[in-house]
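**Q** Compute the structure for the input listed below.
(2 chains)
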Protein chains: 2
Amino acid sequence: MKYKDSGVNIDRANRAKAAIAAHVKSTWGREVLSKTGAFGGLFAQSGSYKEPVLVSSIDGVGTKVMIATMVGRFDTVGRDLVNHCVNDILVQGAEPLFFLDYLASAELDAERASAIVEGIAAACRENNCALIGGETAEMPGVYHGEDFDLAGCIVGVVEKSRIIDGSGIAPGDAVLALPSTGLHTNGYSLARHVFFELLELGVGDRVPELGCTVGEELLKVHASYLSPVRKLMESIAINGLAHVTGGGLLDNLPRILPGSCNARVEKGSWPVPPVFGFLAEKGDVDEAEMFRVFNMGLGMVLVVAASDRDKVAACAPDARVIGEIVKGDGKVTLV
Amino acid sequence: MKYKDSGVNIDRANRAKAAIAAHVKSTWGREVLSKTGAFGGLFAQSGSYKEPVLVSSIDGVGTKVMIATMVGRFDTVGRDLVNHCVNDILVQGAEPLFFLDYLASAELDAERASAIVEGIAAACRENNCALIGGETAEMPGVYHGEDFDLAGCIVGVVEKSRIIDGSGIAPGDAVLALPSTGLHTNGYSLARHVFFELLELGVGDRVPELGCTVGEELLKVHASYLSPVRKLMESIAINGLAHVTGGGLLDNLPRILPGSCNARVEKGSWPVPPVFGFLAEKGDVDEAEMFRVFNMGLGMVLVVAASDRDKVAACAPDARVIGEIVKGDGKVTLV
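**A** Predicted coordinates:
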């Protein structure tokens, strides 16, 4: 008996790893000291930080991986993964250093793995981040058929004195937001239920209200906010940043609010992309639930001094003022 | 419709996260600047390195997660995950700094998640590693029933001048190995096939040849070699280290061999734990295949100057000389 009889083929895994090496290397600058195939990735830090603090986050893309399989397109979930992680450390002021990915399935599909890593590598290049490691796991019995999971870990760095943690947020501050591109990577179980079970649509079906197919809408790439936020950080002090992910605005904005402040957010102050109204109506989901599950068009929330509001508009033209900080007890109130 | 109708319950997820916070915090020293619940983990580096190089690796525990489910014991896979990753960066001379875990299932099982994180945190403390982040993903549709996956990412550091990369390996060097505790985290698809399909055993069945039950054998914790290897590094120069994981000795030792050297390994020079002979016999697996799939009792391979052989024995009494480096072309020869 050979190991491949029980569902694992090490030779084929080795061939696929060779195929993706070119994507991986396209992300490497001179900080990367490792060769592909080494046990761990080696990253030499530059010395430009006085008190460097490493900031790290691990995440997946949820059941958006199932949409990728349904559509047969795999590069976008790779981009989603990187951009999501970049935003998660950006909210503390960190710039990306390096990234590692974990791809698990019943059996390694070399073409699929290559497309996923192509997307990961492209997003890494766009975010100045080196892809220094990865694992492709074959786990028959845990994964079935074409199912797969995709997770990634990012490490970035911030100067200790420039960590953004929300502690400087005070009543009177302005609350602004940068737009999301769509669902990003949250709420897919609910969205799948509405599109595929309630409405019995397929990914190729065009939805007039959305101006595109179901698959196109659901694979829209999670935005990276690195570029506009870093530009802002050069000109103003940002008091707080919240990445709107699982749990939506109502769970994520409180993560950075001091216990003595509320964020008063005005509904109607930003354009809600059509997909959210469509899901609320067709799925009969009430508004409070919509705000807990979806980003509702708000990808990244920024809290700045009211006097800096116009500077934000100059640096990030698509930022909208959505509310203000008032006295309170660490909550978000929607008005 | 509420989101939990489609299989995701954010409130319950939040409760489970609170329950595991105590395990997480038990791993934190003063380098950890973050609070639980922050978007990214914050780790302040100490200044004791002249040219620090970060070393990072991401990995899972393979289908050993299925054994955990069958036995109903979840702390050991948490330990496996951390120890595996610690070894993967140790082979380049790095000591651990911090760790992040990714746990995915159809629905979050709070008790199971807590047991897994308890094991992760225990191993993190043993390896001087802070658990600064984690993600618990609920992905109905990708995962089914009690299935789950577990991955983790480690970041460590090594002084640039002390990176171990195998380049110093030369003919005449001694090849030694530290013993594995059992299968570690590789070859589980084949082992499951033999135990559960061919032999139709259950995890509670006692196997006289193994002196324990199937479940006990298959959940033996992946060893961490941090302690003996770091002790060795204080007294001698290690020319090369290879962690024997997927692909076994035959795929992993070549990863550190210079192209002009072979490793000549003598079968019979170390005790092979009974589980490997049992699997070979009952599964009718030939020897070459056994050496590609399993660690065969060799957890960590060390290459040192022949003159340092006795010092290894003094620092690590369970290390065995298993062969030597000879002129060649980057391969392992079993004799």
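**Q** Please make it C-alpha for all contacts and neighbour counts, starting now.
**A** OK.
**Q** List the contacts of the one residue sitting closest to the centre of chain A.
**A** Centroid-nearest residue in chain A, with Cα atoms, centre = their mean: A:His84, separated by 1.5 Å. Contact partners of A:His84, counting by Cα atoms under 8 Å, 6 or more residues apart in numbering or on different chains, are A:59, A:185, A:222-224.
**Q** Please narrow those residues to those residing in strands.
**A** Using DSSP state E, A:Asp59 are the members of the contacts of A:His84 that sit in strands.
**Q** Around chain B, which positions in the stretch 201-335 of chain A sit nearby?
**A** A:243, A:247, A:255-256, A:283-286, A:289, A:293 (Cα under 8 Å from any Cα of the partner chain).
**Q** same question, the stretch 51-200 of chain A
**A** Residues of the stretch 51-200 of chain A lying near chain B (Cα under 8 Å from any Cα): A:51-60, A:62-63, A:66, A:88-89, A:91-92, A:100-102, A:132-135, A:137-143, A:147-149, A:151, A:153, A:160, A:189-190, A:193.
**Q** hmm, back to that, next, format the residues of the stretch 201-335 of chain A next to chain B as JSON lines and append secondary structure and pLDDT.
**A** Listed next are these as JSON lines, based on DSSP: H, G, I helix; E, B strand; the rest coil; pLDDT from 0 to 100:
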{"residue": "A:His243", "secondary structure": "strand", "pLDDT": "97"}
{"residue": "A:Gly247", "secondary structure": "coil", "pLDDT": "90"}
{"residue": "A:Arg255", "secondary structure": "helix", "pLDDT": "92"}
{"residue": "A:Ile256", "secondary structure": "helix", "pLDDT": "94"}
{"residue": "A:Gly283", "secondary structure": "helix", "pLDDT": "96"}
{"residue": "A:Asp284", "secondary structure": "coil", "pLDDT": "96"}
{"residue": "A:Val285", "secondary structure": "coil", "pLDDT": "96"}
{"residue": "A:Asp286", "secondary structure": "coil", "pLDDT": "94"}
{"residue": "A:Glu289", "secondary structure": "helix", "pLDDT": "93"}
{"residue": "A:Val293", "secondary structure": "helix", "pLDDT": "94"}
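**Q** May I see the ChimeraX selection of the buried members of the residues you listed?
**A** The ChimeraX selection below is limited to those of these classed as buried (16 or more other Cα atoms under 10 Å in any protein chain shown):
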select /A:243,247,255,256,283,285,289,293
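**Q** between the residues of the stretch 201-335 of chain A next to chain B, which is closest to chain B?
**A** Distance to chain B across these (Cα to the nearest Cα) is lowest for A:Val285, with 5.1 Å.
**Q** thought the closest one was touching A:Phe276?
**A** No: using Cα atoms under 8 Å, A:Val285 makes no contact with A:Phe276, being 10.0 Å away.
**Q** just to revisit the earlier point, quick check on the contacts of A:His84: which are buried?
**A** A:59, A:185, A:222-224.
**Q** what ranges of the stretch 151-300 of chain A fall below the confidence cut-off?
**A** Under the criterion pLDDT under 70, no range of the stretch 151-300 of chain A is flagged.
**Q** all helices of it, in order?
**A** A:188-192, A:214-218, A:226-235, A:248-252, A:274-283, A:287-293 (DSSP state H, counting those that start in this stretch).
**Q** Which strand or helix spans A:Asn14?
**A** helix A:10-25 (DSSP states H and E).
**Q** Quick one: mean pLDDT for the helix or strand just after that helix?
**A** Next in sequence after helix A:10-25, counting helices and strands by DSSP H and E, comes strand A:41-44. Strand A:41-44 carries an average pLDDT of 92.
**Q** Let me see the residues that make contact with strand A:41-44.
**A** A:31-35, A:98, A:132-133, B:51-57, B:160.
**Q** Also stretch A:307-314?
**A** Residues contacting stretch A:307-314 (Cα under 8 Å, 6+ apart): A:174, A:232, A:235-236, A:319-321.
**Q** Among those, find the one with the greatest number of neighbours, please.
**A** A:Ala174 (24 neighbours; other Cα atoms under 10 Å in any protein chain shown).
**Q** so who does that residue touch?
**A** A:303-306, A:309, A:321, A:323-325.
**Q** Which two among those residues are spaced furthest apart?
**A** Greatest spacing in those, by Cα to Cα: A:Arg309 and A:Ile325 (13.1 Å).
**Q** For these two, indicate the residue with more neighbours.
**A** A:Ile325 (23 against 19).
**Q** which SS class is that one?
**A** strand (DSSP: H, G, I helix; E, B strand; the rest coil).
**Q** Check the one 4 residues further on too.
**A** Secondary structure of A:Asp329, reduced to three states by three-state DSSP: coil.
**Q** Now do the contacts for it.
**A** With Cα under 8 Å, 6+ apart, A:Asp329 has these contacts: A:258-262.
**Q** Columns neighbour count on top of the residues you listed, output as CSV?
**A** As requested, these are exported to CSV (neighbours: other Cα atoms under 10 Å in any protein chain shown):
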residue, neighbour count
A:Pro258, 19
A:Gly259, 14
A:Ser260, 14
A:Cys261, 20
A:Asn262, 23
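**Q** now those as CSV including distance to B:Gln45?
**A** Formatted as CSV, the contacts of A:Asp329 follow (distance: Cα to Cα, whole Å):
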residue, distance to B:Gln45
A:Pro258, 27
A:Gly259, 29
A:Ser260, 32
A:Cys261, 32
A:Asn262, 34
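**Q** Filter those down to the ones in strands?
**A** A:261-262.
**Q** Go through the contacts of A:Asp329 and say which is closest to chain B.
**A** Checking these one by one against chain B (Cα to the nearest Cα), the nearest turns out to be A:Pro258, at 13.0 Å.
**Q** show me the contacts for that closest one.
**A** A:166-167, A:169, A:329-330.
**Q** Select only the buried ones of these in ChimeraX?
**A** Command for ChimeraX that selects the buried part of the contacts of A:Pro258, burial taken from 16+ other Cα under 10 Å:
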select /A:166,169,330
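**Q** if you look at the helix holding A:Asn14, does any of it touch chain B?
**A** Yes: applying Cα under 8 Å from any Cα, one finds helix A:10-25 in contact with chain B at A:Ile10.
**Q** Let me see the residues that make contact with that helix.
**A** A:4, A:36, A:108, A:110-111, A:113-114, A:117-118, A:121, A:131-132, A:136, B:247.
**Q** In TSV, list these along with distance to A:Glu209.
**A** Shown next, in TSV, are the contacts of helix A:10-25 (distance: Cα to Cα, whole Å):
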residue	distance to A:Glu209
A:Lys4	48
A:Thr36	47
A:Leu108	38
A:Ala110	37
A:Glu111	34
A:Ala113	33
A:Ser114	34
A:Val117	33
A:Glu118	32
A:Ala121	33
A:Leu131	38
A:Ile132	42
A:Thr136	39
B:Gly247	52
